[in-house]
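**Q** Please find the sequence and the predicted model below.
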Amino acid sequence: MENFHSVCFSFSIFACICLRMKADKKMLKGWVRQQNRANRPATMILALIGMLNVLVGMILIWSLASILARLLTGGQGLDFRYLGLFILASVLRVLLGYAQELLAVASGEKARKRLRRELLDRFFAQGPSLLRHQHSAYLASMLTDRVEALEGYFSRWMPASALWVVAQWSVVLVVFWQNHRAGLILGGCCLFLPVFQAVFGIATAVASRRQILALNRLQVRFLDRIRGIATIVLSGNAEKDAQALGHAADELRQRTMKVLRVAFLTSASTDIAMIVALVWIVIDQRHGLLHVGSVPQTTAILFAVLMVPEAFAPFRALSAAYQDRAQITNSGEAIQKLPALPVSQGIKTATHQSVPQRSDRGIELNVRDISYRWVEDRPLALADVSFHLKAGDIALLTGLSGAGKSTLIEMLLGFIRPLQGEVLLGGADLQGLKPADVTRQISWIGQKPVIFAGTLRDNIMFAAPEASEAQLRAALEASSITDYLPLLPDGLDTQLGERGFGLSGGQAQRIAIARAFLKDAPLLIMDEPTAHLDPATEKDILVALRRLLDGRTALISTHSPQFHNIGETVRLVMEKGRITAQETLS
Ligand SMILES: Nc1ncnc2c1ncn2[C@@H]1O[C@H](COP(=O)(O)OP(=O)(O)OP(=O)(O)O)[C@@H](O)[C@H]1O
């Protein structure tokens, strides 16, 4: 009986996995179809030009066969009408090929831009929580390498797959019309091509998928090692780590070689089919070739022989792009792996309702019974959280690690939506507002500010690019950047590196404060803004923060006792996703 239960249990797990895989495949197919649909007009134009190219190719070969037939049968000299047609068709072919190339590049570029935009929108919509699920190198490679790798899919594979059957069988039919036996031989050899495609196509897809995975592993490793360079060197593991990276690079090389080998085999098999067709037709038509007959007869034989490479060209283009086809599946799978946010119950779409009301003292924030769960079957990260801040209130939010403070902040910033309850900002429901209207009302200061590669001025003006020089100067004063500005080699034009190289933690945090001054949003949200600072620097930062709090509503999540008496009017304590204590100070 026990055995029977365990068999049933294993079977149900197996069935669940199969159903899940089937659902994933269906979603992937839907995504690929959506991409194909978005690119269909460009594909159709490219396929049309391709078909025109094939027709011009037929005229070119027919005029060449006619010229040769006249020369071979003797007695008739060069016919300039056919020579003229031959030259005209050759020039037309070059022009069509050029136009095809230009359009293919433009269509690939457009498709990649669209996809990158879609991905960026998705990353921005998910906000900081995305980095808890995915490595930043992986996300960066999705936006760069993976999108770039799709160039061939849109510019080569899609037009080739739309064209090859029609183009190939048009050639076979024309050859059959001119020379029945040659047409049947050519058609017979072409019938083998889909078999080669099935065999080598699957192998190419597997090899290319493994290559992409190896590339991603290497990228993630590289970024980790570069970030942790000091830890690795000091632990004495530099040599071992370099070797591990070497192995990963070698694995990538082997996988790339395998993809190339399979691609070579695919193209070799097409060549073999073409040579077989060519030799077979020549042997079959040898009598006509050796004992030259009438001009039309010889033209038909020469036409059939010369058309053989043309019949295989569309399939050759398709198999050359087969690797590109595998890329769309790889990218689709990677996009599917991005975490999906739990669907909000009774989700409201942006109604673009009126902009929230702000006053000189800030803005009102009303959080009503909000709940949120990051993952199904896990406890709520926020459970019935409610509090109310009047314009000008300063709330200190405290609680042990994991209490839900960051989740609450992500919700107030609009990155995640409540499963139930609502957040009212200046009387307007956050979910009913346009994203731009939400971000205009909120300034956020986190633990470590992101400093972009660029000058100090660029980094501050990033918050309000249209700000005047006088507003910039005021923000520099208020954030006390003026204290260290004279020490920088080029003042405001000093180049700053990634993560603010050359600046201390306190100096970098002042940039975040200056940004908030420039942006002048009525609600200020801070997530442990002094977490990485020593007590003396923290005191200095608090002086600048006090100035920033003036005339704004603020919610500050902190573990630091230094924040007590910053002028707070409300104290909130969180525990296991709930507000367990709420105190209003007069
Ligand atoms: N992106 C996420 N995916 C899944 N679970 C998450 C995610 N973010 C937070 N959680 C979970 O939600 C709960 C609340 O986490 P949260 O980060 O909000 O706490 P916190 O109070 O901000 O902690 P800390 O002070 O350490 O930042 C935790 O159990 C955490 O594991």
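**A** In hand now; what should we look at? Residues are numbered from 1 along each chain as shown.

**Q** use CA for all of it now, contacts and neighbours both
**A** Will do.

**Q** just the strands in the protein please.
**A** 358-359, 362-363, 365-372, 382-389, 394-399, 420-425, 428-429, 442-445, 454-455, 495-496, 523-527, 553-557, 570-575, 578-584 (DSSP state E).

**Q** Out of these, flag the one nearest residue 318.
**A** Proximity to residue 318, assessed across the strands of the chain by Cα to Cα, is greatest for strand 454-455 (44.6 Å).

**Q** so what secondary structure elements neighbour the closest one?
**A** Using 3 or more Cα pairs under 8 Å, 6 or more residues apart in numbering; DSSP states H and E as the contact test, the elements touching strand 454-455 are strand 495-496.

**Q** Neighbouring strands - and their directions - for the strand it packs on?
**A** strand 454-455 (antiparallel) (DSSP bridges).

**Q** hmm, who's touching the strand it pairs with?
**A** Residues outside strand 454-455 that contact it (Cα atoms under 8 Å, 6 or more residues apart in numbering) are 492-497.

**Q** Using CSV, please lay out the strands of the chain together with mean pLDDT and distance to the ligand.
**A** What follows is the strands of the chain, written out as CSV (pLDDT from 0 to 100; distance: least, Cα to the nearest ligand atom, whole Å):
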stretch, mean pLDDT, distance to the ligand
strand 358-359, 78, 28
strand 362-363, 92, 24
strand 365-372, 95, 9
strand 382-389, 95, 8
strand 394-399, 94, 6
strand 420-425, 92, 16
strand 428-429, 90, 22
strand 442-445, 92, 14
strand 454-455, 87, 29
strand 495-496, 85, 28
strand 523-527, 94, 8
strand 553-557, 95, 8
strand 570-575, 94, 8
strand 578-584, 92, 10
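
**Q** got CSV for these, with mean neighbour count too?
**A** Converted to CSV, these look like this (neighbours: other Cα atoms under 10 Å):
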stretch, mean neighbour count
strand 358-359, 16
strand 362-363, 26
strand 365-372, 20
strand 382-389, 19
strand 394-399, 22
strand 420-425, 20
strand 428-429, 22
strand 442-445, 22
strand 454-455, 16
strand 495-496, 20
strand 523-527, 23
strand 553-557, 26
strand 570-575, 19
strand 578-584, 15
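
**Q** Now render these as CSV, adding distance to residue 476.
**A** CSV is the format used below for these (distance: least, Cα to Cα, whole Å):
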stretch, distance to residue 476
strand 358-359, 24
strand 362-363, 22
strand 365-372, 28
strand 382-389, 29
strand 394-399, 23
strand 420-425, 29
strand 428-429, 33
strand 442-445, 16
strand 454-455, 14
strand 495-496, 16
strand 523-527, 18
strand 553-557, 21
strand 570-575, 29
strand 578-584, 33
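
**Q** which residue packs closest to the residue nearest in space to the middle of the chain, ignoring adjacent ones?
**A** In the chain, the centroid-proximal residue (Cα atoms, centre = their mean) is residue 143; its distance is 3.8 Å. In this structure, residue 143 finds its nearest non-sequential neighbour in residue 116, 6.0 Å apart by Cα to Cα, 6 or more residues apart in numbering.

**Q** Would you mind measuring from residue 568 to residue 363?
**A** Look at residue 568 and residue 363: by Cα to Cα, to the nearest Å, they are 15 Å apart.

**Q** just residue 93 next, same as before
**A** Distance from residue 93 to residue 363, by Cα to Cα: 68 Å.

**Q** same check, this time on residue 176
**A** 80 Å.

**Q** And residue 163, by the same measure?
**A** As judged by Cα to Cα, residue 163 and residue 363 stand 61 Å apart.

**Q** that older thread, what two of the contacts of strand 454-455 are the furthest from one another?
**A** Most distant of the contacts of strand 454-455, by Cα to Cα, are 492 and 497, 13.9 Å apart.

**Q** Looking at the two, which is more packed in?
**A** residue 492 (18 against 15; other Cα atoms under 10 Å).

**Q** Surely that one and residue 457 touch.
**A** Yes - using Cα atoms under 8 Å, residue 492 is in contact with residue 457, at 5.1 Å.

**Q** what's the burial count for the nearest residue in space to residue 463 that is not next to it in sequence?
**A** Leaving aside its chain neighbours, residue 463 sits nearest to residue 515 (5.2 Å; criterion: Cα to Cα, 6+ apart). Neighbour count of residue 515, defined by other Cα under 10 Å: 24.

**Q** ok, now the one 3 residues further on?
**A** Other residues within reach of residue 518 by the criterion other Cα under 10 Å amount to 25.

**Q** That one and residue 573, how far apart?
**A** Residue 518 is 31 Å from residue 573, by Cα to Cα.

**Q** next one: residue 243
**A** Taken as Cα to Cα, the span from residue 243 to residue 573 is 49 Å.

**Q** Then residue 322?
**A** Residue 322 sits 58 Å away from residue 573, going by Cα to Cα.

**Q** Please tell me how far residue 91 sits from residue 299.
**A** Taken as Cα to Cα, the span from residue 91 to residue 299 is 22 Å.

**Q** Among those two, which residue is more densely surrounded?
**A** Taking other Cα under 10 Å, residue 91 and residue 299 do not tie; residue 299 has more neighbours (26 against 14).

**Q** That one contacts residue 71, doesn't it?
**A** No - at 10.6 Å, residue 299 does not count as touching residue 71 under the criterion of Cα under 8 Å.

**Q** tell me the contacts of the spatially closest residue to residue 307 that is not a sequence neighbour?
**A** Leaving aside its chain neighbours, residue 307 sits nearest to residue 61 (7.0 Å; criterion: Cα to Cα, 6+ apart). Residue 61 makes contact with 86, 303, 306-307 under the criterion Cα under 8 Å, 6+ apart.

**Q** is it true that residue 582 touches residue 570?
**A** Yes - assessed by Cα under 8 Å, residue 582 is found in contact with residue 570 at 7.3 Å.
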